[in-house]
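> Structural data only, the sequence is not supplied:
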């Protein structure tokens, strides 16, 4: 019986809506979890790997269920959808109360994985299975008795059902853009969870209507029968191993590119949205006529993108964002079209549809786990990027058109592909390693890659001293000159016209009285150079590797040589400050927030509730110092909005480079009462004119985003 147009449209609508909800769940859960895990960008990678595993579970569930009679399939699936809708309402009712429970584990990646499974495991599995089950029902409706007449009455063939996978990826793409640009800035988080629960009910209703149409179209007790391909379908795949190898490579490529951009290149907010969009579009193109019939064209473009990424990294260097980002987008899309078009050409007859999608999900899960869990343990830097590019070069060479003498021999073709891959790997590795600095330390953990380098720099007419730099990707988090006369002098962002203003303008500090100072964000510990005997400095740092680097004397001596008492508090600063407030600990005279200069700004440290906490921890005459220097985010509107909301007085300073080792920086100082600022070098700085700063709504824990602050 032919598939009716109405049923076909309803099937596409069900698949689109299910995939749309899938990609709303992902960022919603990330927004819920990030405050518990310090806003780490690694939460995204771990969540992505978890979603790949859940996708595999959903396809495994669909594969097993598809073996049952159609009536049993629908009954089981609708019962589980009812349970899922109830679970979604329960999560909506308790999502905010659960946020303080997590984030204390010594193994945060496993805890994030656990949270994903508990919060959205069942909903995600059922939504993931929905796409496959709808395709199974559509294939069964097209030929309920298992016989094929070649091309169906409406011109459809069994191959057409696989094109619904392109619809699935279009739904995912829509959800990907709707959340950060429409929902997150304007809809409170609690309302988002309630809305998701309601959408689950709507999705179940849509599937029930589809089930009613299918029941009218064919016998309800029949299961999907084996069916041969139509005349226009390709032969049965002879390479089922490619069903999981190809998606494993493309998923690994996606994660490796994102890691490369966030560690070896300038990190930029929402860059993962662009990369994932390119990845989804490559699936849409690959599973349609666009990618299926122009293999030579796509292979050529993929080869050019591989060369372009090498040129971008080698010519402009790792620190240049836009050439590298453009090359990365082209790489993910064009290589993805080749790989996914190849995957589409290997699709089997309808009887093995569920096995095919199960293999795709398994490959994606393997690629996600290898890139998110294994690579950070095995490699101390983003070495998986050149590695997967070598693999992709081999795949493109294998898939693409070859010279006739080469194509005659399968062994020669394999040697040719292997040589292409090895050549690319050598080129990428050579360009990635070119640097004039000596690396003293290189490490990687859940929170990213850290690197300490040493360069020889000239001071004055003839003196040359070593300078140690701390890098997170291409963002400098402090430096120190390794010379007796310079070792205890403030550097980078913390000179007298930068972070030093907090001390020189503090009345107690100027009067020679002992002060208690809190610093959110350790870096090299450079602010310790302002400490005096009798002072107390408490540094909050979530990354244990940063603590290790800052306290190792051979790397930096700000902390080891400090004359005052120093407390190092591991963990998320907001959670630690909340514990101190509850315990009634002594208040701070100066509280420094130095957690925004990286481009993955922790949202939970930038809300109205966070700033209220900061002022709760300040003494009556205390000062809040906020470092807002940032490459891609303008944080001055944030400070203006928060100051207006809390009724405090802001004072902004655009500092200058005072010598060769200090950097111009933007700092905002907030006090409960207006005060007169006196500090060295005041005449050489530019003060922020607040009336010229755009007015923005102050973000809260419940509603808001930093997207409006991006410098495009």
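Structure's in. What do you need? Everything quoted here is computed from the prediction, not taken from an experiment.
> Not counting its neighbours along the chain, what's nearest residue 196?
Distances taken as Cβ to Cβ, 6 or more residues apart in numbering place residue 88 nearest to residue 196, at 5.9 Å, with adjacent residues excluded. (Glycine included, C-beta is placed from N, CA and C.)
> should've said residue 359
For residue 359, the spatially nearest residue (Cβ to Cβ, 6+ apart) is residue 243, at 3.4 Å.
> For the protein, which segments count as strands?
With DSSP state E as the definition, the chain shows strands at residue ranges 438-445, 448-459, 463-472, 475-481, 516-520, 536-541, 565-570, 588-593, 618-627, 649-654, 666-671, 686-687.
> Okay, buried residues for the fourth one please.
Read that as strand 475-481. Neighbour-count burial for strand 475-481, counted by 16 or more other Cβ atoms under 10 Å, picks out 475-481.
> Relative to residue 614, which of these is nearest.
residue 477 (21.0 Å; Cβ to Cβ).
> The closest one and residue 450: what is the separation?
Residue 477 sits 8 Å away from residue 450, going by Cβ to Cβ, to the nearest Å.
> Show me the shaky parts of the stretch 101-250 of the chain.
Using pLDDT under 70 as the threshold, the predicted model of the stretch 101-250 of the chain has low-confidence ranges 101-108, 140-160, 212-238.
> Recalculate using a threshold of 50.
The model of the stretch 101-250 of the chain has pLDDT under 50 over residues 142-159, 219-235.
> Just the helices from it, written as ranges.
Secondary structure of the stretch 101-250 of the chain by DSSP state H, counting those that start in this stretch: the helices cover 108-142, 164-178, 184-186, 189-217, 242-263.
> list the contacts for the residue nearest to residue 196?
By Cβ atoms under 8 Å, 6 or more residues apart in numbering, residue 88 lies in contact with 123, 193, 196-197, 200.
> Between these, which sits nearest residue 397?
Ranking those by separation from residue 397, with Cβ to Cβ as the measure, puts residue 123 on top at 41.2 Å.
> List the contacts of the nearest residue to that closest one once chain neighbours are set aside.
Distances taken as Cβ to Cβ, 6+ apart put residue 84 closest to residue 123, at 4.9 Å, once the chain neighbours are dropped. With contacts defined as Cβ under 8 Å, 6+ apart, residue 84 is in contact with 122-123, 126, 200.
> which of those sit farthest apart?
Distances among those were taken as Cβ to Cβ; the most separated pair is 122 and 200, at 10.7 Å.
> Pick out whichever of the two has more residues nearby.
A direct count of neighbours by other Cβ atoms under 10 Å for residue 122 and residue 200 places residue 200 higher, at 23 against 19.
> so the more buried one sits right up against residue 120, yeah?
No - taking contacts as Cβ atoms under 8 Å, residue 200 lies outside contact range of residue 120: 11.0 Å.
> Do I have it right that residue 642 meets residue 611?
Yes - counting by Cβ under 8 Å, residue 642 does reach residue 611; the two are 4.8 Å apart.
> the bottom helix or strand of the chain by mean pLDDT?
Taking all helices and strands of the chain together, the one with the lowest average confidence (mean pLDDT, DSSP states H and E) is helix 404-407, at a mean of 43.
> mind checking how far the nearest residue to residue 620 once chain neighbours are set aside is from residue 611?
Using Cβ to Cβ, 6+ apart and skipping the chain neighbours, the partner closest in space to residue 620 is residue 672 (7.2 Å). To residue 611, residue 672 is 12 Å away according to Cβ to Cβ.
> Between those two, which is the more surrounded one?
Set side by side, residue 672 and residue 611 give different neighbour counts by other Cβ under 10 Å, the larger being at residue 611 (24 against 17).
> Name the residues contacting each of residue 477 and residue 450.
The contact sets of residue 477 and residue 450 overlap at 470-471, 546 (Cβ under 8 Å, 6+ apart).
> which one among these gets closest to residue 492?
Sorting those by how near they are to residue 492, with Cβ to Cβ, puts residue 470 at the top with 9.2 Å.
> Beta-bridge partners for the closest one, please?
Here residue 470 shows beta-bridge partners residue 452, assigned using DSSP bridges.
> what pLDDT does it get?
Residue 470 is assigned a pLDDT of 92 by the prediction.
> what about it, how many neighbours?
Once other Cβ under 10 Å is used to define contacts, residue 470 is seen to have 27 neighbours.
> I'd say it and residue 526 touch.
No - counting by Cβ under 8 Å, residue 470 does not reach residue 526; the two are 9.5 Å apart.
> any idea how far stretch 83-90 is from the chain center?
Centroid separation for stretch 83-90 versus its chain: 27 Å, with Cα atoms, centre = their mean, to the nearest Å.
> Distance of the nearest residue to residue 637 once chain neighbours are set aside relative to residue 640?
If the residues on either side of it in the chain are set aside, residue 637 comes closest to residue 696, at 4.2 Å by Cβ to Cβ, 6+ apart. Per Cβ to Cβ, residue 696 is found 7 Å from residue 640.
> out of these two, which sits in the more crowded spot?
The neighbour count for residue 696 versus residue 640, taken as other Cβ under 10 Å, is higher for residue 640 (21 against 17).
> Quick check, that one in contact with residue 697.
No - here residue 640 does not reach residue 697: they are 11.0 Å apart, not a contact under Cβ under 8 Å.
> thinking again about what came up before, now, of the helices of the stretch 101-250 of the chain, which is deepest in the fold?
Each of the helices of the stretch 101-250 of the chain was scored by mean neighbour count; the highest is helix 242-263, a mean of 25, by mean count of other Cβ atoms under 10 Å.
> what's the closest of the contacts of residue 84 to residue 564?
Taking Cβ to Cβ as the measure, residue 564 sits nearest to residue 123 out of the contacts of residue 84, at 51.7 Å.
> residue contacts, the closest one?
Under the criterion of Cβ under 8 Å, 6+ apart, the contact list for residue 123 reads 25, 84, 87-88, 200.
> from those residues, which two are the most distant?
Distance extremes for the contacts of residue 123: the farthest pair is 25 and 87 at 12.2 Å, using Cβ to Cβ.
> neighbour count winner among these two?
Neighbour totals were compared for residue 25 and residue 87, and residue 25 leads with 24 against 17 (other Cβ under 10 Å).
> Surely that one is in contact with residue 120?
Yes - taking contacts as Cβ under 8 Å, residue 25 lies within contact range of residue 120: 5.2 Å.
> From residue 601, how far off is residue 73?
Taking Cβ to Cβ as the criterion, residue 73 is separated from residue 601 by 46 Å.
> low pLDDT regions in the stretch 351-500 of the chain?
Applying pLDDT under 50 to the stretch 351-500 of the chain picks out residues 402-409, 431-432, 434.
> quick one on the thing from earlier: closest one of the shared contacts of residue 477 and residue 450 to residue 495?
For residue 495, the nearest member of the shared contacts of residue 477 and residue 450 is residue 470. The distance, counting by Cβ to Cβ, is 16.7 Å.
> Okay then, goodbye and thanks.
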